[in-house]
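Trainee: no sequence on hand, only this structure:
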């Protein structure tokens, strides 16, 4: 044992951190599912020619983007006192990131060559089939790297869930430190666990981006 680092403490806190890691990954996966679906819905809704849909939706999207995630989490938690905190975390993470992912989808849709639209029109395809069979498959393929980057960002922002009493990795480390007065080992290991998950994922996203370029 040294004056700075104690391996006994590190091994002792590891099971708690791994349980917190499971919650962290769960929040990221569920949040990404919500954000991916809702983001696409927002991107499609923003293309409607109806101003009374686009206008209010733009205000809501801008409001969510321009307010901190932490404030949104605490506000919804205080508002919905009967809803489990983790469920609130899923929803707020998903909605928050959906506003950003909608822009990724928008860029992907606009990147579809005009000839694809013209070909669908020449074939007299129904609008629904044009979107489902031609436009969206190409657009979503182009957006995968961007969505992957937001997944990594969401994963790294899950420690904000501590503010609504969700015991993820950071909360577990803080709780252990409060009991033992040892913070260096648990906080350092939280950082290492985040690195072990996010770095390979970012490399995978970068490789995907290169292949789809």
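Mentor: Cool, the structure landed. Note that the structure is predicted; figures quoted are calculated from it, not measured.
Trainee: just the residues contacting stretch 76-92, thanks.
Mentor: Applying CB atoms under 8 Å, 6 or more residues apart in numbering, the set of residues contacting stretch 76-92 from outside is 23, 26-27, 30-31, 34, 69, 72-73, 158, 161, 163-166. Every residue, glycine included, has its C-beta placed from N, CA and C.
Trainee: how does it look with 7 Å?
Mentor: Counting contacts by CB atoms under 7 Å, 6 or more residues apart in numbering, the residues outside stretch 76-92 that touch it are 27, 30, 31, 34, 72, 73, 161, 164, 165, 166.
Trainee: put the buried members of the residues you listed into a ChimeraX selection.
Mentor: Applying 16 or more other CB atoms under 10 Å to the contacts of stretch 76-92, the buried members can be selected in ChimeraX as follows:
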select :27,30,31,34,72,73,161,164,166
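Trainee: hmm, who's touching stretch 5-21?
Mentor: Residues contacting stretch 5-21 (CB under 7 Å, 6+ apart): 1, 167-169, 171-173, 176, 180, 182, 184-186, 189-190, 193.
Trainee: rerun at 6 Å
Mentor: Contacts to stretch 5-21, defined as CB atoms under 6 Å, 6 or more residues apart in numbering, come from residues 168, 169, 172, 176, 182, 185, 186, 189, 193.
Trainee: now do the buried residues in that stretch.
Mentor: In terms of neighbour count (16+ other CB under 10 Å), stretch 5-21 has its buried residues at 9, 10, 13, 16, 17, 20, 21.
Trainee: closest one of these to residue 145?
Mentor: For the buried residues of stretch 5-21, the closest approach to residue 145 (CB to CB) belongs to residue 21, at 24.8 Å.
Trainee: would you pull up how far the host helix or strand of that closest one lies from the middle of the chain?
Mentor: Assigned by DSSP states H and E, residue 21 belongs to helix 7-45. If you compare the mean C-alpha spot of helix 7-45 with that of the full chain, they lie 9 Å apart, counting by CA atoms, centre = their mean, to the nearest Å.
Trainee: which is the next helix or strand following that helix?
Mentor: Using DSSP H and E, the first helix or strand after helix 7-45 is helix 51-66.
Trainee: off-centre distance for that next one?
Mentor: Put simply, helix 51-66 sits 20 Å off its chain's centre (CA atoms, centre = their mean).
Trainee: which other helices and strands contact that helix?
Mentor: Taking 3 or more CB pairs under 6 Å, 6 or more residues apart in numbering; DSSP states H and E as contact, the helices and strands that helix 51-66 lies on are helix 85-110.
Trainee: next secondary structure element downstream of the helix it packs on?
Mentor: Reading on from helix 85-110 to the C-terminus, the next helix or strand found by DSSP H and E is helix 114-122.
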